[in-house]
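**Student:** Here is my input, please return the structure:
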Amino acid sequence: MVVVMQRGASKPLIEAVIGQLGELGFDVHRSSGVNQTVLGAIGVKPDFDIRQVQVMEGVAKVYRVTEPYKFASRAWRQNNTQFEVNGHVIGGEAITVIAGPNMVESESQLDQVASYISELGGAFLRADIDRPRSSPYSFSGHGISSLKLLRSVAEKYNLAVVSKANSATMVEAMFDHVDVFHVSAHHMQNFELLKVIGEAKKPVILKRGLSATIEEWLMSAEYILKEGNTEVVLCEGGIRTFEKYTRNSLDLSSVPVVKERSHLPIIVDPSHATGFRNKVTPMARAAIAAGADGVMIETHPDPLKAISEGAQALFFEEYVELLKQVQNIASSIGR
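**Tutor:** Now for the predicted structure:
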């Protein structure tokens, strides 16, 4: 249930409504703007008569949130969520481009990528230190030991660090070294991890699970939001279907659906979704045309020698061309 207070409602009136909602058994979350306060009352009470709250002094409007996700819903927040990371606004008019190698391999590799991204005006460096793998024999990263290297290279070029946290214990170890946590598709429903990241109050990119519905995806975001972390970015990285010509089936229809049902920003990862570099740029173009707030792209100094996922990483010249094409698409739709 959402309770919208009257514009200019006094603090005592707001506190009185919060107190009454608490006595009625609701868990109350407050969102205060410049002139108006909105209260989110969380609790499963299907037969509750909302008129009990509607008649209270200072209340302008009360309505139910029918979706199972409350804080991720448009009903809770009408305006698009926007927040700033390293001077770059995510969820605003500008398109966010997050780029870098799949994994931290070496200082030389990381420095070359970061330098190039910075020269092109980029704001984010993505690189994983540890990745869940389907095969126990695949390279899964250097782990926590590579965090300081990732941080130092990013600071050298004034880039924000985006990296995956694959367990609740990793969040604490990574906290001082990353600017944005990335939750992989494999961990979308790792609820203990989501709770810890929610408590960490640091921006997070939440990738859609391979077999997850949009509702399940938003419910996972709800775990983070419920803990008080409002800086959540949804990331469409493809879903598993019967198709074999790409790694996953990139569900771009999720972009307008999410935009309709949620206030959270949404980006698309065409590298992970398609698995082939020659399909990355076309799908990046399509993602921006569909209304995505950004893209996450893998690029590498020498993809043919990459230890991890070289087939989906762009050569630097291909990355430059992608940026040009994405910028053209963005301009054509007023972004």
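**Student:** Lowest-scoring secondary structure element of the protein by mean pLDDT?
**Tutor:** Least confident helix or strand of the chain, by mean pLDDT, DSSP states H and E, is strand 27-32 with a mean of 83.
**Student:** which parts of that strand are buried?
**Tutor:** By 16 or more other Cβ atoms under 10 Å, the buried positions in strand 27-32 come out as 28, 29. Every residue, glycine included, has its C-beta placed from N, CA and C.
**Student:** Summarise which helices and strands it is packed against.
**Tutor:** Other elements packing on strand 27-32 under the criterion 3 or more Cβ pairs under 8 Å, 6 or more residues apart in numbering; DSSP states H and E are helix 11-23, strand 37-42.
**Student:** ok and the longest one relative to strand 27-32, angle-wise?
**Tutor:** The directions of helix 11-23 and strand 27-32 differ by 160 degrees, with axes from the mean of the first three to the mean of the last three Cα atoms, to 10 degrees as the criterion.
**Student:** centre of the chain versus helix 11-23, how much separation?
**Tutor:** Put simply, helix 11-23 sits 33 Å off its chain's centre (Cα atoms, centre = their mean, to the nearest Å).
**Student:** got the contact list for it?
**Tutor:** With Cβ atoms under 8 Å, 6 or more residues apart in numbering as the test, helix 11-23 has contacts from 3, 5, 28, 30, 37, 39, 41, 53, 56, 57, 58, 59.
**Student:** where do the helices sit along the stretch 151-300 of the chain?
**Tutor:** 168-174, 191-200, 214-226, 254-261, 270-274, 277-290 (DSSP state H, counting those that start in this stretch).
**Student:** Could you tell me the average pLDDT over the second one, please?
**Tutor:** For helix 191-200, the mean pLDDT works out to 96.
**Student:** That one: how far from the chain's middle?
**Tutor:** 14 Å.
**Student:** How about the longest one?
**Tutor:** For helix 277-290, the gap between its own C-alpha mean and the chain's C-alpha mean amounts to 18 Å (Cα atoms, centre = their mean).
**Student:** Tell me the buried residues in it?
**Tutor:** Here helix 277-290 shows 277, 279, 280, 281, 283, 284, 285, 286, 287, 288, 290 as buried, counting by 16+ other Cβ under 10 Å.
**Student:** Surely the fourth one is in contact with residue 321?
**Tutor:** Yes: checked against Cβ atoms under 8 Å, the pair residue 281 and residue 321 is within contact range at 6.7 Å.
**Student:** quick one: the residue nearest to residue 120 when sequence neighbours are not counted from residue 330, how far?
**Tutor:** Setting aside the residues directly before and after it, residue 120 is nearest to residue 323 in space (Cβ to Cβ, 6 or more residues apart in numbering), at 6.3 Å. Per Cβ to Cβ, to the nearest Å, residue 323 is found 10 Å from residue 330.
**Student:** Check the protein and tell me which residue is nearest its centre.
**Tutor:** residue 233 (1.9 Å; Cα atoms, centre = their mean).
**Student:** tell me which residues form a beta bridge with that one?
**Tutor:** As for beta bridges, residue 233 partners with residue 205 under DSSP bridges.
**Student:** contacting residues for it?
**Tutor:** Residue 233 neighbours (Cβ under 8 Å, 6+ apart): 90, 91, 180, 203, 204, 205, 206, 264, 265, 266, 267, 293.
**Student:** rerun that using 7 Å as the cut-off
**Tutor:** By Cβ atoms under 7 Å, 6 or more residues apart in numbering, residue 233 lies in contact with 90, 205, 206, 264, 265, 267.
**Student:** since we're on the first one, how many residues are nearby?
**Tutor:** Translated: residue 90. 23 (other Cβ atoms under 10 Å).
**Student:** Pass me the low-pLDDT residue ranges in the chain, would you?
**Tutor:** For the chain, the stretches with pLDDT under 70 are 44, 46, 131-143.
**Student:** Which secondary structure elements does the longest helix seen in it sit against?
**Tutor:** Longest helix in the chain by number of residues, with DSSP state H as the criterion: helix 316-332. Other helices and strands packing on helix 316-332, by 3 or more Cβ pairs under 7 Å, 6 or more residues apart in numbering; DSSP states H and E, are helix 277-290, strand 294-298.
**Student:** Repeat the analysis, applying 8 Å as the threshold.
**Tutor:** With contacts taken as 3+ Cβ pairs under 8 Å, 6+ apart, helix 316-332 sits against strand 96-100, helix 277-290, strand 294-298.
**Student:** what's next to the second one, contact-wise?
**Tutor:** Contact partners of helix 277-290, identified using Cβ under 8 Å, 6+ apart, comprise 95, 236, 246, 250, 252-253, 255-256, 267-268, 270-271, 273-274, 295, 297-298, 303, 311-315, 318, 321-322, 325-326, 329-330, 333, 335.
**Student:** could you check the angle strand 294-298 makes with it?
**Tutor:** Here helix 277-290 points in a direction 170 degrees away from that of strand 294-298 (the same axes, to 10 degrees).
**Student:** Neighbours of residue 211, how many?
**Tutor:** Neighbours around residue 211, by other Cβ under 10 Å: 12.
**Student:** Tell me the secondary structure at residue 125.
**Tutor:** Following DSSP: H, G, I helix; E, B strand; the rest coil, residue 125 is assigned to strand.
**Student:** give the contact list for it.
**Tutor:** Residue 125 sits next to 99-100, 110, 113-114, 117, 150, 153-154, 157, 159-162 when contact means Cβ under 8 Å, 6+ apart.
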